[in-house]
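Undergrad: Give me the fold of what follows.
(one chain, ligands or ions: 4)
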Amino acid sequence: MLSSGTGALALPLMEQFYTIQGEGYNTGRAAYFVRLGGCDVGCHWCDVKESWDADQHPRVAIPEIVEAATSYPGRNVVITGGEPLMHDLTSLTHALHEAGCQTWLETSGAHPLSGQWDWICLSPKKFKAPLSDVLRQAHELKVVIFNKSDFAWAEEHAAQVSSDCRLYLQPEWGRAAQMTPLIVDYVKQNPRWQVSLQTHKYLDIP
Ligand SMILES: C[S@@+](CC[C@H](N)C(=O)[O-])C[C@H]1O[C@@H](n2cnc3c(N)ncnc32)[C@H](O)[C@@H]1O
Ligand SMILES: Nc1nc2[nH]cc(C(=O)O)c2c(=O)[nH]1
Ligand code: SF4
Ligand SMILES: [Mg+2]
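TA: Numbers count the residues shown, from 1 in each chain. Ligands and ions are numbered 1, 2, ... in the order given. Model (predicted):
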């Protein structure tokens, strides 16, 4: 990969699209999504497995990504993947800020944090543990609930984030019919948590 002291100058890009943030704290807000290739976490229920192999995706120069992102009225840019922190995101976030964009990150936290972020959504995974630095800096903890035991696992991670970090429980899409009622009951009993649904899937938008 092309890189410098300030991070990657080109990044493997799977897709980019302007849509509505479907999940978590910023649900309902217009945002441009940049989906980077590469992930080594291996969630068996991942809804974007085509992203895993970075070599399957063309490397695109940062100015090209920023130009595309700023060709829409919105100025919120979500960097997702794949696992975006497999790449040094210093240059990308710097260029997005220079262009007047807000930078929002979707990450499993399994790799070191790079870049300047206005919002960090941490969705930790059992398959590759999140780093304590990312836990500390997260604005939002969003735990995917696949089975009942995931509630206790979510609490273990809530104990490691900052006191003002927002807490979300999100049903695994394939198990939503079974898990969503359990999440509703859990949030009623444990009101510091909130429900997060993948609303874009119900809306049938990207
Ligand atoms: C595809 S991941 C990419 C970013 C990063 N690798 C991560 O996992 O946070 C984006 C978000 O979708 C969530 N997600 C992925 N597959 C899901 C599924 N089947 N059901 C619910 N959420 C899912 C992840 O937990 C994460 O919050
Ligand atoms: N609309 C929409 N919202 C999202 N929030 C997180 C997503 C992701 O895949 O990172 C995502 C996505 O793929 N689409
Ligand atoms: S960490 Fe994210 S991109 Fe990677 S497998 Fe898990 S859900 Fe998919
Ligand atoms: Mg998604």
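Undergrad: check whether the longest helix seen in the chain contacts ligand 1.
TA: In the chain, with assignment by DSSP state H, the single longest helix is helix 176-189. No. On the criterion C-beta under 6 Å from any ligand atom, helix 176-189 is out of touch with ligand 1, staying 7.7 Å away. C-betas here are computed from N, CA, C, even on glycine.
Undergrad: Go through the next helix or strand after that helix and flag the buried ones.
TA: As assigned by DSSP states H and E, the chain's next helix or strand after helix 176-189 is strand 193-195. Under the neighbour-count criterion of 16 or more other C-beta atoms under 10 Å, strand 193-195 has 193-194 buried.
Undergrad: Also stretch 155-168?
TA: So for stretch 155-168, counting by 16+ other C-beta under 10 Å, buried means 157-158, 160-161, 165-168.
Undergrad: That stretch close to ligand 2?
TA: No. Judged by C-beta under 6 Å from any ligand atom, stretch 155-168 makes no contact with ligand 2; its nearest approach is 11.5 Å.
Undergrad: ok now that stretch, how far from the chain's centre?
TA: 16 Å (C-alpha atoms, centre = their mean, to the nearest Å).
Undergrad: Pull the residues that contact the longest helix of the chain.
TA: Contacting residues not belonging to helix 176-189 are listed as 145-148, 151, 169-172, 193-195, 197 [C-beta atoms under 8 Å, 6 or more residues apart in numbering].
Undergrad: repeat for stretch 46-54
TA: 12, 14, 35-40, 42, 56-57, 81-82, 86, 173.
Undergrad: Tell me which stretches of this structure form strands.
TA: Counting by DSSP state E, the chain has strands at residues 3-4, 7-8, 10-20, 30-36, 59-61, 76-80, 102-107, 119-122, 140-145, 166-171, 193-195.
Undergrad: among the contacts of stretch 46-54, which ones are buried?
TA: Buried among those by 16+ other C-beta under 10 Å: 12, 14, 35-39, 57, 81-82, 86.
Undergrad: ok so, going back, how far does the longest helix of the chain sit from its chain's centre?
TA: Average the C-alpha atoms of helix 176-189, do the same for its chain, and the two points are 22 Å apart (C-alpha atoms, centre = their mean).
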